[in-house]
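Novice: Predicted model and sequence follow; I will ask about them next.
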Amino acid sequence: MNLVIVESPTKAKTLSRFLGSDFVVKSSYGHIRDLPKSELGIDVEHDFEPRYVVGGKSRTVAADLKKAAKKADIIYFASDADREGEAISWHLKEILQPSPEKAKRIVFHEITKEAIEEAIKHPRALDTKLVDAQQARRILDRLVGYELSPLLWRKVARGLSAGRVQSVAVRLIVEREREIQAFKAQEYWTIEATLSPGAKDISFVAKLHKVDDAVLDKFDIPTQAKAERFVKELENATYKIADIQKKETHRNPLPPFTTSTLQQEANRRLNFSAKQTMMLAQRLYEGTELGADDSTGLITYMRTDSVNLADKFLNESRVLISADFGKSYLPESSRRFTTKSKLAQEAHEAIRPTEVKRHPDDVKQYLEEDQWKLYNLIWRRAVASQMNGAILENTAVDIEAKNFTFRATGAVIKFDGFLKVYGETKEELLPSLEKDEQLELQKLEPKQHFTEPPARYSDASLVKIMEEYGIGRPSTYAPTISTIIDRNYVERIEARRLKPTDIGILVNDLLVEHFPQVVDYQFTAKMEDDLDEIAQGTKEWVPIIREFYKPFKENLDKKYMEINKKEITEEATTEVCDKCGSPMVQKFGRYGKFLACSAFPKCRNIKSLKEEVAKISTGVTCSECKTGEIVQRRTKRGRTFFSCSRYPDCKFALWNKPTGEKCQKCGSLLMESGKEKVKCSNKECDSSKVATPVPKPE
């Protein structure tokens, strides 16, 4: 009997379908051994030797694996093909202690029958360089987190924590927020002419481009008065096409997805968070049941910074493109992309469908809606990367009117190429126009504009800037964003943008002032490069940790003495305690600012300073008190809910938005439940168990 050990039960189930009766596949359920939770677990005096323990739930799993390992002829360690996966296999080997000839490491970048059988044929030894790199990251993050967090507890508030990469991500978000706060809007105006070519029932928009042959700068029309003066001067003007310039441009497809670009596009196109994207991708990778007897991985490994594609996929995609779209869509040879990162690591291939012939429409019935959306995105991006480029004809039209020149720009798609499968064009389309053609003015409109501040980060733009700075690696982006939200340092607001909380700003400012190296962008990026070099075998991990830890520890010990908690967390106010008459002070807690009596602990009076979120009325009368209206509110952690406007006199509340309609069975309010679906708000009603589609008007 041969034993194969993977991390996930889903992955184990898929592999079992591919391997014969000679193989038993078991799951370790992730990391089976780790540093202890209750203590540092690192001997800083003896080369940072880690002390690993098998946690409570993992003990049962470990015992089961030991039992199976004793009966096995060969043990195949088949965890994921990256550093973390290599470390999991190493920990398993340390626990099971098999003889050298009995232990084999196998890796694969897709969970398909062919890939698994090939991996079994070509096992290898554990890569200790990858293990060292992952161990160095774990130890480094433990040292920062477990030694810096107690200082935050003592100097700011209990329950706070710091993290090496997470703290840098918070700094990015805080600095963007300060850019927004410091921004001063500048007014400017544009003038737009809506024109049509003669009697044709079609129109287009041209913007004022020149005055007296001088090209207008963005701020050359700063006021309404100047804009209206130009409009007046244009009265009774004749609009005639002075010049038409056409230029053919070629647009090539983008590379297939890496972890970073997948998270960015899924956020931009599908509105998925980075965490949601990776959870869905994990399920697509580990295996999906496509009918009763068919279970397979639908995509290759999803933690990668490589844009390489396997020859098998390249060849099969060419066959599909030629058959489904025609030879005009097929380049002379396969497109091969080059990875931009200095040390591309983790998996060695881009994210792609395991079988190009498995069209998204063919698997839609077997997938949940969000799974299908992500698979569809991945399939189309990978296939499009192997298609011919699109050909566009860009056109610029200059229109004269007295001493003014208007310009309209647009494009015509002459050949869609890869856009047929994956793409979007933002160019305006123009009607057919001729030089010297006279145009009819339909509308002349001055428009007021203001410069806008930089946008708050979304998941997509934060991942992009982290990648540009070299902060983190493919496997860290999603958990980093998730962690800083869970710690209440950052919250999601309108359009799912990331905004720092008061406590997030306070902790960031403390770290920037007193621990600049920990949150320094260049230092964090260099540390990632060092970890890469450990994985490559060109550096040892202990000297790198030592070089960081000695000055960090010395500074930490000094800051315990220097930092004054009251100076950071307390601020005098003009308010007086309504219980004892003492002055009230503004303090910081784990969840932000609040007022507290300065006579503490004799007087324990506190008041919330949480800003009231503007209440948005739903227009629905409260079904409980029959007097108040249901309004939209937010919890302290930013989650939206709906409650009676007469709170606290009426405590009726819902997590979902009420529709205003009543349940036909019990008379309770109906509420929204997903896209175009409703259900009863009464949990005791049978109708609350199933969401039904909203009736469409006839």
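Specialist: Here it is on my side, so go on.

Novice: Now do residue 106 against residue 116, distance only.
Specialist: 8 Å (C-beta to C-beta, to the nearest Å). Any C-beta I mention is one placed from the backbone N, CA and C, and that applies to glycine too.

Novice: before we move on, what about residue 165?
Specialist: 33 Å.

Novice: Repeat that for residue 540.
Specialist: For residue 540, the distance to residue 116 - C-beta to C-beta - is 35 Å.

Novice: Name the residue in those two with the higher neighbour count.
Specialist: Between residue 540 and residue 116, counted using other C-beta atoms under 10 Å, the more crowded position is residue 116 (24 against 13).

Novice: Surely residue 298 touches residue 282?
Specialist: No: at 11.4 Å, residue 298 does not count as touching residue 282 under the criterion of C-beta atoms under 8 Å.

Novice: in this protein, which helix or strand is least confident?
Specialist: Sorting the helices and strands of the chain by mean pLDDT, DSSP states H and E puts strand 692-693 at the bottom, at a mean of 53.

Novice: what's the distance between residue 649 and residue 24?
Specialist: Taking C-beta to C-beta, one finds residue 649 at 63 Å from residue 24.

Novice: ok, the two, which is more surrounded?
Specialist: Between residue 649 and residue 24, counted using other C-beta under 10 Å, residue 24 has the larger neighbour count: 16 against 10.

Novice: Now do the more buried one, the pLDDT please.
Specialist: pLDDT for residue 24: 96.

Novice: Point me to the helix or strand that includes it.
Specialist: Assigned by DSSP states H and E, residue 24 belongs to strand 23-27.

Novice: For that strand, which helices and strands make contact with it?
Specialist: Packed against strand 23-27 by the contact rule (3 or more C-beta pairs under 8 Å, 6 or more residues apart in numbering; DSSP states H and E) you find strand 2-6, helix 9-18, helix 56-71.

Novice: would you put the C-alpha positions of it in PDB?
Specialist: Extracted in PDB, the C-alpha atoms of strand 23-27 (Å, rounded to 0.1, in the frame of the first residue of the first chain):
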ATOM      1  CA  PHE A  23      -3.000   4.100  -3.100                       C
ATOM      2  CA  VAL A  24      -4.600   5.500   0.100                       C
ATOM      3  CA  VAL A  25      -5.000   9.400   0.000                       C
ATOM      4  CA  LYS A  26      -5.300  11.300   3.300                       C
ATOM      5  CA  SER A  27      -5.400  14.900   4.300                       C
END
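
Novice: which residues make contact with the helix or strand just after it from outside it?
Specialist: Once the chain leaves strand 23-27, the next helix or strand it forms, by DSSP H and E, is strand 42-43. For strand 42-43, contacts defined as C-beta atoms under 8 Å, 6 or more residues apart in numbering pick out 35, 48, 49, 50, 51, 139, 142, 143.

Novice: Which neighbouring elements make contact with the longest helix seen in the chain?
Specialist: With secondary structure taken from DSSP state H, the chain has its longest helix at helix 128-155. Contacts defined by 3+ C-beta pairs under 8 Å, 6+ apart place helix 128-155 against strand 42-43, strand 49-50, helix 83-96, helix 164-182, helix 502-514, helix 521-536, helix 541-562, helix 565-569.

Novice: again, 7 Å this time
Specialist: If you count contacts as 3 or more C-beta pairs under 7 Å, 6 or more residues apart in numbering; DSSP states H and E, helix 128-155 packs onto strand 42-43, helix 83-96, helix 164-182, helix 521-536, helix 541-562.

Novice: looking at those, which is buried most?
Specialist: Of those, the one with the most neighbours on average (mean count of other C-beta atoms under 10 Å) is helix 83-96, at a mean of 22.

Novice: So which bits of whichever helix or strand comes after it are buried?
Specialist: Per DSSP H and E, the first helix or strand lying C-terminal to helix 83-96 is strand 103-105. Residues 103, 104, 105 are the ones in strand 103-105 that count as buried (16 or more other C-beta atoms under 10 Å).

Novice: Looking at those, which one is closest to residue 196?
Specialist: Distance to residue 196 across the buried residues of strand 103-105 (C-beta to C-beta) is lowest for residue 105, with 69.9 Å.

Novice: Beta-bridge partners for the closest one, please?
Specialist: In this entry, residue 105 is beta-bridged to residue 77, residue 124, by DSSP bridges.

Novice: if we can go back for a sec, mean neighbour count, the helices and strands packed on strand 23-27: which tops it?
Specialist: Of the helices and strands packed on strand 23-27, strand 2-6 is the most buried (mean count of other C-beta under 10 Å), at a mean of 23.

Novice: and that one, what other elements does it pack with?
Specialist: So strand 2-6, by 3+ C-beta pairs under 7 Å, 6+ apart, packs with helix 9-18, strand 23-27, helix 56-71, strand 74-77.

Novice: strand partners of it, parallel vs antiparallel please.
Specialist: In the sheet, strand 2-6 lines up with strand 23-27 (parallel), strand 74-77 (parallel) (DSSP bridges).

Novice: residues making contact with that strand?
Specialist: 12, 15, 19, 22-28, 65, 68-69, 72-79, 92 (C-beta atoms under 7 Å, 6 or more residues apart in numbering).

Novice: pLDDT averaged over that strand - what is it?
Specialist: pLDDT averaged over strand 2-6 gives 96.

Novice: Tell me how far that strand lies from the chain's centre.
Specialist: With C-alpha atoms, centre = their mean, to the nearest Å as the basis, strand 2-6 stands 33 Å off its chain's centre.

Novice: Where does the prediction get shaky in this structure?
Specialist: By pLDDT under 70, the low-scoring segments of the chain are 199-200, 292-293, 340-347, 425-427, 610-614, 616-617, 636-638, 674-676, 686-698.

Novice: what's the most buried one of the strands paired with strand 2-6?
Specialist: strand 74-77 (a mean of 22).

Novice: Just the C-alphas of it, formatted as CSV.
Specialist: Listed next in CSV are the C-alpha coordinates belonging to strand 74-77 (Å, rounded to 0.1, in the frame of the first residue of the first chain):
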residue,chain,number,x,y,z
ILE,A,74,6.0,4.4,0.2
ILE,A,75,4.8,7.8,1.5
TYR,A,76,4.2,10.5,-1.1
PHE,A,77,4.1,14.0,0.3
